[in-house]
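Asker: Return a 3D structure for these sequence lines:
(one chain, ligands or ions: 1)
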Amino acid sequence: MAMPADNIFLKIISKDIPAKIVHEDDRCLAFHDIGPKAPVHVLIIPKTVIRTAADIAPEHAELVGHLFVVAARIAQQLGLSDGYRLVVNCGDRGGQTVPHLHLHLMGGRDFSWPPG
Ligand code: 5GP
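Answerer: Okay, the predicted model is just below:
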């Protein structure tokens, strides 16, 4: 899988490209997806580049855990008390289009299983 280190999310982190940011701290950024697939669709990304979920290494464990902590907090803030979907697409066959690890937080509608 040929995935360059430079990617659109790095430009959002550096504020070279605008985004509707809902959370930022020293380790991660969360912002509304530009093409929402649900009434609420937020992306939570680490500020350091991990290209795919397959690249997650033991030293990333705390950072990846932090993404989930932030996702839970955002879901609560956005009123998703009746449930939501967290998704990580990995690689070409997983439907990943941006080569920078991201957690999709989607809510505000029902979700079916299995996903397509
Ligand atoms: P993936 O398909 O890699 O799992 O998810 C990438 C997501 O990034 C898609 O849902 C897509 O809509 C979103 N996305 C791509 N480019 C931009 C952008 O420039 N700004 C924002 N806010 N979202 C983007």
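Asker: Show the average pLDDT along stretch 19-38.
Answerer: Mean per-residue pLDDT for stretch 19-38: 98.
Asker: Hmm, I typed the wrong one, I wanted stretch 94-112.
Answerer: Averaged over stretch 94-112, pLDDT sits at 98.
Asker: Phi, psi for Arg73 please.
Answerer: Per-residue torsions, Arg73: phi -70, psi -40 (degrees, to the nearest 10).
Asker: burial measure for it, as a count.
Answerer: Arg73 sits with 14 neighbouring residues when counted by other CB atoms under 10 Å. From N, CA and C alone the C-beta is placed, and that goes for glycine too.
Asker: quick one: the helices in the chain?
Answerer: Secondary structure of the chain (DSSP state H): helices at 8-13, 61-77.
Asker: Give me the contact list for the longest one.
Answerer: Judged by CB atoms under 8 Å, 6 or more residues apart in numbering, the contacts made with helix 61-77 from elsewhere in the structure are 22-23, 25, 27-28, 30, 42, 44-46, 48, 50, 56, 84, 86, 101, 103, 105, 107.
Asker: Report the distance from that helix to the chain centre.
Answerer: 10 Å (CA atoms, centre = their mean, to the nearest Å).
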